[in-house]
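Peer 1: Got a predicted model here, sequence first, then my questions.
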Amino acid sequence: MFNSSSFCFSFSFSFLFFFLITPSITSPINPLSIDLINTTCAQCAKKSTIIDYTFCLTSLQAVSPSRHVTNIQGLGIIAMELALGNATATVTTVEKMLTGRAVDPFAKICLLNCLELYADAVSLLVNSIGAFLTEQYDAVNLLMGAICEITATCEELFTEKKGGVSPLTKENYNLFELSDIALCINSLVS
């Protein structure tokens, strides 16, 4: 006897499996993607004194060839996914810093605060992606703006002590840049 639910599940699973395997096949970079990335990064770098054109270009080009991005909305998702990956990796980095070596009490408090801030950033980024996909561009602006504030707050925590230096400067900068790129793309789309 034919079981339609079993067939649908098998077909859906096979279809999903095909798309999970397909991106791993190497293919040449799509010229349309390169042009779109160049144009978008140039517009964003011109629009914002904060966005570094080279950072934007190398970040988006690193992901887009395997994704075959053909529109600016796709670049917006990539920028937010890169930011999400950065925030998630930073959570892991901070956890390792807290458990891997002796940390002075002031730095430990700062790292614990940054850990909480970055956990919030992960949640905000997930919500940003959802808002972007549903074309709630004002919500994306608010959420991504909050993420930019998170990076600044984390960085500033360490400077509250005279001579304090953040061990997360690179992570904070990268998340700030990626968030600002996403904000720029969001403004271009909306």
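Peer 2: Sure thing, it's come through.

Peer 1: Now the spatially most central residue of the chain. Nearest residue, chain neighbours left out?
Peer 2: For the chain, the residue nearest the mean C-alpha position is Ala83 (1.4 Å; CA atoms, centre = their mean). Spatial nearest neighbour of Ala83, chain neighbours left out: Leu178 (3.9 Å); criterion: CB to CB, 6 or more residues apart in numbering. Where C-beta positions appear, they are placed from N, C-alpha and C, glycine not excepted.

Peer 1: Do I have it right that Cys56 meets Ala182?
Peer 2: No: using CB atoms under 8 Å, Cys56 is not in contact with Ala182; the gap is 10.5 Å.

Peer 1: Looking at the two, which has the bigger crowd around it?
Peer 2: Neighbours per residue (other CB atoms under 10 Å) separate Cys56 from Ala182, with Ala182 holding more: 31 against 27.

Peer 1: Gln73 and Asn186 touch, don't they?
Peer 2: No: here Gln73 does not reach Asn186: they are 9.8 Å apart, not a contact under CB under 8 Å.

Peer 1: Looking at the two, which is more packed in?
Peer 2: A count of neighbours by other CB under 10 Å puts Asn186 above the other of Gln73 and Asn186, at 24 against 16.

Peer 1: That one is in contact with Ala139, isn't it?
Peer 2: No: taking contacts as CB under 8 Å, Asn186 lies outside contact range of Ala139: 9.8 Å.

Peer 1: Ala121 and Lys46: what is the separation?
Peer 2: According to CB to CB, to the nearest Å, Ala121 stands 27 Å off from Lys46.

Peer 1: Give me the more crowded residue out of the two.
Peer 2: Taking neighbours as other CB under 10 Å, Ala121 and Lys46 compare with Ala121 leading, 29 against 11.

Peer 1: With that, I have no additional questions.
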